[in-house]
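Colleague: here are the coordinates; sequence isn't available:
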């Protein structure tokens, strides 16, 4: 679509008619909805409701037959007392006005209404409720079978569950609908997180899928969702939505059908492709309903269809949907320094749980600006945060920084080196018992007043904690051979040179006298013989050498 306005909605551009132009009716309507429904847009003060609806009526007539009569949209609006017809999914999908616009064969001479449309001009008013906006974008083929009826009954018999889901969704739905409309995708897909996670961005499945769109680790990596010790973008509101819609578009391109695309989203594109190939070979149908699928995938689209039906006609299911206004819930705010999560919420004057709900990808109690330069805040809290951030004078914004472990060590030693208790070290870095911290790992540690620099981008983007099972060792004394050095002893007993030197309080290049007693800490190894396991003490093994 070629729009007379740019994407930022900041300045109208001149609309010329010196070359053929293509108008897409649904995209134009969606565009003006966003202007009318944005309570913060300065366009609201410029366009009256009559003029805006008149513009929509005019755009709805683009590419109409040349014998149609012009319509004064504003006059028609003021003289019309008719009310819009009730919403009907099937009627809307079969309406000629739901078709996309086509390029005119001649230059555009005037804007005239479509001769086929019978809908009142008043029906194009911007929806006040987001649910109404979602309904108007429904255009997937309806699935009608017993599984859909079963799921309708399941959801409608659990009003408390629906209430919790829809209340959670109120923070995220507007953004998802905006993205779907921008990509010209059906708005039924905005309801998919109800099925995946009940709109809980912290949800984790038994298969380790995470976030409200439920990305597996490998799939998340494929779609550029960063996963490290500081954040998991599979939970990020903006990043995960972008990745999910990218994936769904890719699957729709592959299979040419939204039901098959949804099955592939749940079951995997390879599995769906093989199921289609098997049916083709057997001379069977290749629609969603025809394929042999696991029970979870068999119920997947019926669940979405059931939720769509309840949203389309809540009164028919004795369900009440909470009011979700048709305007943004949050906005992005840039940060310039590392900052504690608790402090960020305090400066924004929002509850900590609300802050975490909008920024669910954060793993740690600190936000690292090098890896996450913006946060999401409720719309009216953004200016509050910026004002308080600039006025903050109580020391550093972050009370945490990072430390890279120079060698493999026990958590107790890492805690001692960083001025922490072992329990705090284990708790803040999620280190389980009987584990060692491997060399090169990144740990979160207290930030002293002398640390002026924030965490580097390399650590913020790549920091990982690697652990190894703790090996039980036993102190042994061995006799040095002729010409024995720290290095030769370390090679013989498969320990590090630095450890041998440290245990004996000598340098790494030291030599031992013949017969000198050398202290070593060697692991107690388990030797398996048939079905029996025999523990051999390291001291005896060392003595044999």
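Modeller: Great, that's in hand. Note that the structure is predicted; figures quoted are calculated from it, not measured.
Colleague: three-state assignment of residue 286?
Modeller: coil (DSSP: H, G, I helix; E, B strand; the rest coil).
Colleague: from here on, count from 36
Modeller: Shifting the count to begin at 36 puts that one at residue 321.
Colleague: List the residues that contact it.
Modeller: 311, 314-315 (Cβ atoms under 8 Å, 6 or more residues apart in numbering). To be clear about C-beta, it is placed using only N, CA and C from the backbone, and glycine gets the same treatment.
Colleague: run the last query once more with 6 Å
Modeller: Applying Cβ atoms under 6 Å, 6 or more residues apart in numbering to residue 321 gives the contacts 311, 314.
Colleague: how far away is it from residue 368?
Modeller: Computed as Cβ to Cβ, to the nearest Å, the residue 321 to residue 368 distance reads 48 Å.
Colleague: same thing with residue 246?
Modeller: 21 Å.
Colleague: Compare neighbour counts for those two and give me the winner.
Modeller: Taking neighbours as other Cβ atoms under 10 Å, residue 246 and residue 368 compare with residue 246 leading, 29 against 17.
Colleague: Confirm for me that that one is in contact with residue 267.
Modeller: No: contact criterion Cβ atoms under 6 Å: residue 246 and residue 267 do not qualify, at 7.6 Å.
Colleague: how's the protein carved up into domains?
Modeller: The record's domain parsing of the chain by automatic domain parsing lists 60-161, 171-352, 366-426, 435-504, 508-579.
Colleague: Mean pLDDT and distance to residue 359 for those - can I get that in TSV?
Modeller: Shown next, in TSV, are the domains of the chain (pLDDT from 0 to 100; distance: least, Cβ to Cβ, whole Å):
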stretch	mean pLDDT	distance to residue 359
domain 60-161	42	12
domain 171-352	97	5
domain 366-426	97	14
domain 435-504	95	35
domain 508-579	77	60
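Colleague: and of those domains, who's closest to residue 358?
Modeller: domain 171-352 (8.7 Å; Cβ to Cβ).
Colleague: Any idea how far apart the tips of the closest one sit?
Modeller: The first and final residues of domain 171-352 sit 19 Å from each other (Cα to Cα, to the nearest Å).
Colleague: Return the distance of that domain from the chain's centre.
Modeller: 14 Å (Cα atoms, centre = their mean, to the nearest Å).
Colleague: Following element in sequence after whichever strand or helix holds residue 297, please.
Modeller: If you go by DSSP states H and E, residue 297 is part of helix 293-302. Downstream of helix 293-302, the next assigned helix or strand under DSSP H and E is helix 304-316.
Colleague: Next, the buried residues of the next helix or strand after that following helix.
Modeller: Counting by DSSP H and E, the next helix or strand C-terminal to helix 304-316 is helix 330-347. Neighbour counts using 16 or more other Cβ atoms under 10 Å place 332-347 of helix 330-347 among the buried residues.
Colleague: so where do the strands sit in the chain?
Modeller: Applying DSSP state E to the chain gives strands spanning 365-369, 374-375, 401-402, 409-413, 435-439, 470-472, 477-481, 502-504, 508-514, 552-558, 560-564, 567-571.
Colleague: Looking at the ones you listed, which is nearest to residue 534?
Modeller: strand 552-558 (7.5 Å).
Colleague: Direction included, what does that closest one pair up with?
Modeller: strand 508-514 (antiparallel) (DSSP bridges).
Colleague: Ramachandran angles for residue 371?
Modeller: When read as degrees, to the nearest 10, the backbone of residue 371 gives phi -120, psi -10.
Colleague: ok, now which ones touch the nearest residue to it once chain neighbours are set aside?
Modeller: Closest residue to residue 371 apart from its sequence neighbours, by Cβ to Cβ, 6 or more residues apart in numbering: residue 404 at 6.4 Å. For residue 404, the contact set (Cβ under 6 Å, 6+ apart) comprises 370, 372-373, 489.
Colleague: Any quick PyMOL command for the buried ones out of those residues?
Modeller: Buried subset of these, written as a PyMOL selection, criterion 16+ other Cβ under 10 Å:
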select buried, resi 370+373+489
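Colleague: residues in contact with residue 368?
Modeller: Applying Cβ under 6 Å, 6+ apart, the residues near residue 368 are 410, 412, 417, 420.
Colleague: farthest pair in those residues?
Modeller: 410 and 417 (9.6 Å).
Colleague: re earlier: could you single out the nearest of the buried residues of helix 330-347 to residue 229?
Modeller: Nearest member of those to residue 229, counting by Cβ to Cβ, is residue 342, at 5.2 Å.
Colleague: Surely the closest one touches residue 229?
Modeller: Yes: the pair residue 342 / residue 229 is scored as a contact, 5.2 Å apart, by Cβ under 6 Å.
Colleague: still on that earlier bit, of residue 410 and residue 417, who's got more company?
Modeller: Taking other Cβ under 10 Å, residue 410 and residue 417 do not tie; residue 410 has more neighbours (23 against 18).
Colleague: what pairs with the more buried one across the strands?
Modeller: Note on residue 410: beta-bridge partners by DSSP bridges are residue 368.
Colleague: hang on, it packs against residue 396?
Modeller: No: counting by Cβ under 6 Å, residue 410 stays clear of residue 396, with 10.2 Å between them.
Colleague: show me what contacts residue 167?
Modeller: Contacts of residue 167 (Cβ under 6 Å, 6+ apart): none.
Colleague: returning to what we had before: next, the residue nearest to residue 371: phi, psi?
Modeller: phi -60, psi -30.
Colleague: measure it to residue 410 for me?
Modeller: Distance from residue 404 to residue 410, counting by Cβ to Cβ: 10 Å.
Colleague: Run through who's touching stretch 530-542.
Modeller: The contact list for stretch 530-542, computed with Cβ under 6 Å, 6+ apart, reads 521-522, 524-525, 543, 553-554.
Colleague: Can you give me the distance of residue 211 to residue 263?
Modeller: Relative to residue 263, and taking Cβ to Cβ, residue 211 is found at 25 Å.
Colleague: So those two - more neighbours on which side?
Modeller: Per other Cβ under 10 Å, whichever of residue 211 and residue 263 has more neighbours is residue 211, with 25 against 17.
Colleague: show me the contacts for the more buried one.
Modeller: If you count contacts by Cβ under 6 Å, 6+ apart, residue 211 has them with 225, 276.
Colleague: so what's the most centrally placed residue in the chain up against?
Modeller: Centroid-nearest residue in the chain: residue 275, 2.3 Å away (criterion: Cα atoms, centre = their mean). Residue 275 makes contacts with 246, 248, 269, as judged by Cβ under 6 Å, 6+ apart.
Colleague: Give me the contacts around stretch 278-292.
Modeller: Residues contacting stretch 278-292 (Cβ under 6 Å, 6+ apart): 214, 248, 258, 260, 296, 299.
Colleague: which residue sits closest to the second one, ignoring its sequence neighbours?
Modeller: Counting by Cβ to Cβ, 6+ apart, the nearest residue to residue 248 once its immediate chain neighbours are dropped is residue 279, at 3.9 Å.
Colleague: quick one: that neighbour and residue 410, what's the gap?
Modeller: 21 Å.
Colleague: And for residue 203?
Modeller: Note on residue 203: its distance to residue 410, by Cβ to Cβ, is 19 Å.
Colleague: swap in residue 340?
Modeller: For residue 340, the distance to residue 410 equals 36 Å [Cβ to Cβ].
Colleague: Over to residue 391?
Modeller: 11 Å.
Colleague: next one: residue 493
Modeller: 21 Å.
Colleague: Next: residue 544.
Modeller: 52 Å.
Colleague: same check, this time on residue 325
Modeller: As for residue 325, its distance to residue 410 is 47 Å (criterion: Cβ to Cβ).
Colleague: gap between residue 494 and residue 461?
Modeller: Applying Cβ to Cβ, the value for residue 494 to residue 461 is 21 Å.
Colleague: Repeat that for residue 229.
Modeller: Using Cβ to Cβ, one obtains 37 Å as the distance from residue 229 to residue 461.
Colleague: Those two: which is more packed in?
Modeller: For residue 229 versus residue 461, the count of surrounding residues by other Cβ under 10 Å is larger for residue 229: 23 against 18.
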